[in-house]
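J.: can't give you the sequence, but here's the structure:
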């Protein structure tokens, strides 16, 4: 019966998007196919960014079960770090145009930002979190404290105004196919997400370290009793997870902008993706990102124009629907 | 290792969980042989294994392996210093396939007695199940994998906690053969068993554990043929 209701709802949504959606920003598909296509691409590309950030989160929270509520702060910190490095490389303190940004002036800040976020994450884990493995409440409080401190520090150093990292000139234009235009940087985000996904999958499934991480998640004590120092491996996973937040921050800061509050927003995005997709599953993170991307792109485009600002509600509809259907997330498994 | 000095020396070992003390001064030695620890449920046999492995902290006493003190060390150091651990209930990894269980520990096994290939040779059954998740195996196969995994440490001592638990009689026969082969090859084995029959088939000495102490040390035949001692120490009517 649940399936019937689900299918009925999907059919209604399809009918709405296809013919009924007059008076919405995008318009019905049969009249405005190009708007539909760009909404779909928006969904896929933002899903790419969701995935990059949430993949790091699923590594730390989903796999290692460390409640890291500072993940969003590492995102913002990575973004600001890249902003500083880019300004330093260009030699200007603002108003950089993308023609001044060579590929190198974007990629080097990206690498450095990943390193900064990764190292700050590693320090957080080694200094504060390592002692409290499995103690959710302490981890929660410690990481909230760290995120508040980092947020205030960043506010002091970078101010309250939104700032953005410039895409390199080679990327910053539109792809034009017949009379359809689409932003190349957004496609690049999707491409990066796919690369990140493939590399992470290979790391977790084809390397010894990845096997130890997965085994350690199942039974940490047993891995240790087999002569493996699981702490080293977990530290590495934390480093990689935080570095991914940093990479996401550079992408997000180039695609949108960096400002106070963005950290919390991206933490929330990551939590939603992991809950929808299922804890600790890479495929789940992919599915969760895709669904969240679809909802965040389609809801504002296909709600009647007066109701656009209610589109946020649909994120919670997604959460409620998935949890009602599969309480452990789409690809999660019961403990 | 020299035959004269014991491989594993446990002296006055005390440990437990929280307020509950489980081991009240356990002492014994294991050389290049198979020794069985027998006893009823709840007498501290598994706690003994876990304390040796460092998974439960020793409160006092000492554990020496080849003369080296193990108490207070981390489990991974203890395992590395030469103990292969086959835990009660196998504790295989649900996320890993059979092959991944072995590959995970393959590092540094080259040119050693036990490599993943050697484990597959010992348990050809596992080759057919290579890509199956560890926890999806039958009980006997799970036990093979748990033993194979421990062998890959190429350790001088193998600790097996209730390996026959939950296995069918024919599978237990195979398990006994495997253990005997390992002992003949010179592996020292510390076997924890509730099944006196299995223990007697494998081990040359029995340590009888009662309430967190070694209450008696016996030859297998001595215990098997003495119903009175069995009732007193193991609380069972002659089991076979």
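T.: Ah, there it is. Fair warning: this is a prediction, and the values are worked out from it, not measured in the lab.
J.: Tell me who's in contact with the closest residue to chain A within chain B.
T.: Nearest to chain A in chain B, going by CB to the nearest CB, is residue B:79, at a distance of 3.6 Å. (Each C-beta comes from the backbone N, C-alpha and C, glycine too.) Contact partners of residue B:79, counting by CB atoms under 8 Å, 6 or more residues apart in numbering or on different chains, are A:224-227, B:53, B:85, B:153, B:155.
J.: Identify the spatial nearest neighbour of it, chain neighbours not counted.
T.: Nearest residue to residue B:79 in three dimensions, chain neighbours excluded: residue A:227, at 3.6 Å (CB to CB, 6 or more residues apart in numbering or on different chains).
J.: Name the SS class of that neighbour, please.
T.: Classification of residue A:227 by DSSP: H, G, I helix; E, B strand; the rest coil places it in coil.
J.: re the thing from before, which members of the contacts of residue B:79 define the maximum pairwise distance?
T.: A:224 and B:155 (14.6 Å; CB to CB).
J.: quick one: the helix or strand that contains residue B:176 to chain centroid distance?
T.: Per DSSP states H and E: residue B:176 is located in helix B:169-184. Distance, stretch centre to chain centre, for helix B:169-184: 13 Å (CA atoms, centre = their mean, to the nearest Å).
J.: Identify all contacting residues around stretch B:216-227.
T.: Contacts for stretch B:216-227 (CB under 8 Å, 6+ apart): B:28, B:36, B:38, B:196, B:199-200, B:203-208, B:229-230, B:233, B:237-238, B:240.
J.: how about a cut-off of 6 Å?
T.: Under the contact criterion CB atoms under 6 Å, 6 or more residues apart in numbering or on different chains, stretch B:216-227 has outside partners B:200, B:206-208, B:229, B:238.
J.: quick one: which of these sit in helices?
T.: Judged by DSSP state H, the contacts of stretch B:216-227 include B:200, B:229 as members of helices.
J.: Which one of the contacts of stretch B:216-227 is nearest to residue A:300?
T.: Nearest to residue A:300 among those: residue B:207, at 72.4 Å, using CB to CB.
J.: quick one on the thing from earlier: may I see the buried residues of the helix holding residue B:176?
T.: B:171-172, B:174-176, B:178-179, B:182-183 (16 or more other CB atoms under 10 Å in any protein chain shown).
J.: where along chain A do the helices fall?
T.: Under DSSP H, chain A gives helices at A:2-15, A:33-57, A:71-90, A:103-123, A:136-158, A:184-206, A:208-218, A:220-225, A:230-255, A:262-277, A:282-302, A:313-325.
J.: Can you report how many residues neighbour residue A:208?
T.: Neighbour count of residue A:208, defined by other CB atoms under 10 Å in any protein chain shown: 15.
J.: do residue B:53 as well
T.: Residue B:53 sits with 24 neighbouring residues when counted by other CB under 10 Å.
J.: Residue A:170 too?
T.: The tally of other residues near residue A:170 (other CB under 10 Å) stands at 13.
J.: How much space separates it from residue A:45?
T.: Applying CB to CB, to the nearest Å, the value for residue A:170 to residue A:45 is 18 Å.
J.: now swap in residue B:78 and tell me
T.: 51 Å.
J.: Nearest the middle, which residue of chain B would you pick?
T.: Centroid-nearest residue in chain B: residue B:160, 1.6 Å away (criterion: CA atoms, centre = their mean).
J.: Assumed that one was part of a helix.
T.: No. Counting by three-state DSSP, residue B:160 is not found in a helix; it is strand.
J.: which residues touch the nearest residue to it once chain neighbours are set aside?
T.: Excluding its sequence neighbours, the residue lying closest to residue B:160 (CB to CB, 6+ apart) is residue B:86, at 4.3 Å. Residues near residue B:86 by CB under 6 Å, 6+ apart: B:146-147, B:150, B:160.
J.: For the residue in the stretch 1-150 of chain A that chain B sits nearest to, give its distance to residue A:232.
T.: Of all residues in the stretch 1-150 of chain A, residue A:63 sits closest to chain B, at 9.5 Å by CB to the nearest CB. In this view, residue A:63 and residue A:232 are 16 Å apart by CB to CB.
J.: Give me the more crowded residue out of these two.
T.: The residue with more neighbours, out of residue A:63 and residue A:232, is residue A:63; 22 against 12, by other CB under 10 Å.
J.: residues contacting whichever residue of the stretch 151-300 of chain A sits closest to chain B?
T.: Nearest residue of the stretch 151-300 of chain A to chain B, counting by CB to the nearest CB: residue A:227, 3.6 Å away. By CB under 6 Å, 6+ apart, residue A:227 lies in contact with B:76, B:79-80, B:153.
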